[in-house]
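Enquirer: The following comprises the amino acid sequence and a computationally predicted model.
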Amino acid sequence: MAGEPAAEIQLLRRLKAKLIEILSADPDFVLQHADSSALLSNSGYQQVKSRTVPREKVTDLLDHIIQTGPKAAQGLLQLLREPALQETFPMLGFIKDVQEVNTTTGLRLPNIEDSAPSKPIREKGPSLVKEKQLMQVAGTIGKSWKEIGILALDVPAVKLEHIEVEQDTHRYRVFHMLLYWRTCQKTNATAAHLHRLLSQELCALPPESIDSLLDSD
């Protein structure tokens, strides 16, 4: 129908909220790959890069690609299926199940709930740790953040090096490390689970410094 957005654009719009939640764990990683794939103009890249809040950076990136057009949207969908992105964002597994048809017809829009089997429906279980809690904890972890990341949170050293290069301040480096942990843990990324890990003697953190993880709100 004339005037109706291309299927790729419709699909990205439908997945937008879900992608923001997932990709906010490491927006700079996505941005660099999108730029390498020539999905953004130079001015668009600079605009997105200037954002300091993860969710805002991902939102800007998605909006820019949607506004650029179907070709850029399809390029992003293909990028999200690549091994590097799938490994960094395990919760992106659902994107591989999005069905494609020929380019003339476009993409067959999936039911988002049906295409995301990795997120089981849970009856009232413990809630996932919130970004606010992660930022509070990030402000209490000092120079030993890399040791904590490797020994307590199982974050790869190469990932920590990437975070250190991409983030300008210590607190944001720790915050992004914790966001990466949350992404990898999927439904196990509860505040209680993180509290148990950071309470280990090897972390040497004062108990009161991570008490915010015990708050229900």
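Expert: Nice, thanks for sending it over.
Enquirer: list the helices and strands whichever helix or strand Ala192 is part of packs on?
Expert: Ala192 belongs to helix 191-198 when assigned by DSSP states H and E. Identification of packing neighbours for helix 191-198 by 3 or more CB pairs under 8 Å, 6 or more residues apart in numbering; DSSP states H and E yields helix 131-138, helix 170-185. Bear in mind the C-beta positions are built from the backbone N, C-alpha and C, glycine included.
Enquirer: what's near enough to touch the residue lying closest to Ile9 once chain neighbours are set aside?
Expert: Among residues not flanking Ile9 along the chain, Ala73 sits closest, at 5.3 Å (CB to CB, 6 or more residues apart in numbering). Contacts of Ala73 were listed using CB atoms under 8 Å, 6 or more residues apart in numbering, and they are 6, 8-9, 11-12, 65-66.
Enquirer: quick one: which of those is nearest Val30?
Expert: For those, the closest approach to Val30 (CB to CB) belongs to Ile65, at 10.7 Å.
Enquirer: Assess the claim that that closest one and Ala72 are in contact.
Expert: Yes - under the criterion of CB atoms under 8 Å, Ile65 makes contact with Ala72 at 4.7 Å.
Enquirer: thinking again about what came up before, export the contacts of Ala73 to JSON lines and append columns for pLDDT.
Expert: Below are these laid out as JSON lines (pLDDT from 0 to 100):
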{"residue": "Ala6", "pLDDT": "82"}
{"residue": "Glu8", "pLDDT": "85"}
{"residue": "Ile9", "pLDDT": "89"}
{"residue": "Leu11", "pLDDT": "89"}
{"residue": "Leu12", "pLDDT": "90"}
{"residue": "Ile65", "pLDDT": "93"}
{"residue": "Ile66", "pLDDT": "92"}
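Enquirer: Thank you kindly, that will do.
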